[in-house]
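Chemist: can you look at this prediction? I've put the sequence above it.
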Amino acid sequence: QVQLVESGGGLVEPGGSLRLSCAASGISLDIYAMAWHRQAPGKQREFLASFTTKRATVYGDSAKGRFTISRGNAKGTVDLHMNSLKPEDTAVYYCNAYQQTFDTGYWGQGTQVTVSS
């Protein structure tokens with residue numbers, strides 16, 4: 001059974017940092033690429049970053065320069081390091097494991113990130 005479990009969300013002040021982590025079980029990251037997305041209330045889902053099986057990284061416009069995706073220290077984990085957070089970064093952040101397209105892959109349950117003073 002495939003499971004993706006996100007952690008690390010919470011409340012942070014503007015300008016702060018957070019590290020989100022996604023623990024994947026039931027799949028191998030050697031054959032599944034991993035991605036992070038987010039969805040704010042009333043908005044469409046937004047792609048943030050992906051880490052491919054060849055360890056290449058791709059970033060969406062909102063993530064460039066502030067967010068970094070990487071393999072975590074624990075096996076089967078992928079992290080999203082977020083810096084210089086802004087109130088508009090407030091959203092539910094989702095982890096996604098995919099081979100062909102995001103939507104045909106596996107999704108975590110999401111973790112809430114709130115940026116507010």
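Modeler: Looks like it arrived, so ask away.
Chemist: count of residues packed around residue 32?
Modeler: By other CB atoms under 10 Å, 19 other residues sit near residue 32. No exception for glycine: its C-beta is placed from N, CA and C like everyone else's.
Chemist: return the residues in contact with it.
Modeler: Residue 32 is in contact with 24, 53, 97-99, 105-106, counting by CB atoms under 8 Å, 6 or more residues apart in numbering.
Chemist: quick one, grab the pLDDT at it.
Modeler: For residue 32, the model assigns a pLDDT of 95.
Chemist: how near is it to residue 9?
Modeler: Relative to residue 9, residue 32 is positioned 22 Å away (CB to CB, to the nearest Å).
Chemist: would you quantify the distance from the closest residue in space to residue 18 that isn't next to it in sequence to residue 104?
Modeler: The shortest distance from residue 18 to any non-neighbouring residue, by CB to CB, 6 or more residues apart in numbering, is to residue 82 (5.0 Å). Counting by CB to CB, the gap from residue 82 to residue 104 is 26 Å.
Chemist: could you pull up phi and psi at residue 87?
Modeler: Note on residue 87: backbone dihedrals following degrees, to the nearest 10 are phi -60, psi -30.
Chemist: spit out the contact partners of the residue nearest to it when sequence neighbours are not counted.
Modeler: For residue 87, ignoring the flanking residues on the chain, the nearest one in space by CB to CB, 6+ apart is residue 115 at 5.0 Å. Residues counted as contacts of residue 115 (CB under 8 Å, 6+ apart) are 11-14, 16, 85-90.
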